[in-house]
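# After the sequence you'll find the predicted model.
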Amino acid sequence: MKHTFDLVAATKRFKGEVESIFMDFDSWKTFKTSYGLSWKRVKFDKANATSVPDTRGIYIFTLQVDENELPIHGYMWYMGIAGHNSKHTLRKRYGNYLTDQISPAWKRPKVRYMLQKWKGDLYFNFVELDHGINLKKIESAFLNAIIPPANLADINGTISSARKAASL
């Protein structure tokens, strides 16, 4: 029996798994901060909620598949801050995302998509930062250098406009 290849089915499969990411290595290389960011990370699941400190700081969701024979690799998918002008802490924000993952409400579709599509392969990376540090300034510099796919707000207007135009 001759095996036939179904090009349409295979193409649909690949088109359905395509994700758009932006990689500007020049911007990545120029990202600097004077705060000495010391990153910690936990696999994003309910069991690790108490591993996240009850302090202010910045956080990044990364997508990483590391339980196979490939070298460790991944991508930064979403970035946020906790405690800039609110009583939110890193742990509280972590808990908010656990709730968003299962909530029937669709507040932020890109974030919800990230939380649901890659459940089990997401990591919550964080840095605790003192109260004298301007989290918005770090967030702005980071977002404009990395441009994570799930972040829509707080990105420089020029970059944001070009990003929207490119998606037409």
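Okay, I see it. Numbers count the residues shown, from 1 in each chain.
# What segments of the chain are helices?
Remark: helices assigned in the chain by DSSP state H are 7-16, 25-30, 90-102, 109-117, 135-146, 157-166.
# want to throw the ones you listed into JSON lines with distance to residue 53 and mean neighbour count?
All C-beta spots, glycine's among them, are computed from the backbone N, C-alpha and C. Putting the helices of the chain into JSON lines (distance: least, C-beta to C-beta, whole Å; neighbours: other C-beta atoms under 10 Å) gives the following:
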{"stretch": "helix 7-16", "distance to residue 53": "38", "mean neighbour count": "9"}
{"stretch": "helix 25-30", "distance to residue 53": "26", "mean neighbour count": "10"}
{"stretch": "helix 90-102", "distance to residue 53": "6", "mean neighbour count": "17"}
{"stretch": "helix 109-117", "distance to residue 53": "21", "mean neighbour count": "16"}
{"stretch": "helix 135-146", "distance to residue 53": "15", "mean neighbour count": "17"}
{"stretch": "helix 157-166", "distance to residue 53": "31", "mean neighbour count": "11"}
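# For residue 72, find the nearest of those helices.
Closest to residue 72 of the helices of the chain, according to C-beta to C-beta: helix 25-30, at 17.6 Å.
# ok, residue 97 to residue 161 distance?
28 Å (C-beta to C-beta, to the nearest Å).
# With distance to residue 51 and mean pLDDT added, can I get the helices of the chain in JSON lines?
What follows is the helices of the chain, written out as JSON lines (distance: least, C-beta to C-beta, whole Å; pLDDT from 0 to 100):
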{"stretch": "helix 7-16", "distance to residue 51": "34", "mean pLDDT": "79"}
{"stretch": "helix 25-30", "distance to residue 51": "27", "mean pLDDT": "84"}
{"stretch": "helix 90-102", "distance to residue 51": "9", "mean pLDDT": "91"}
{"stretch": "helix 109-117", "distance to residue 51": "18", "mean pLDDT": "87"}
{"stretch": "helix 135-146", "distance to residue 51": "21", "mean pLDDT": "89"}
{"stretch": "helix 157-166", "distance to residue 51": "33", "mean pLDDT": "68"}
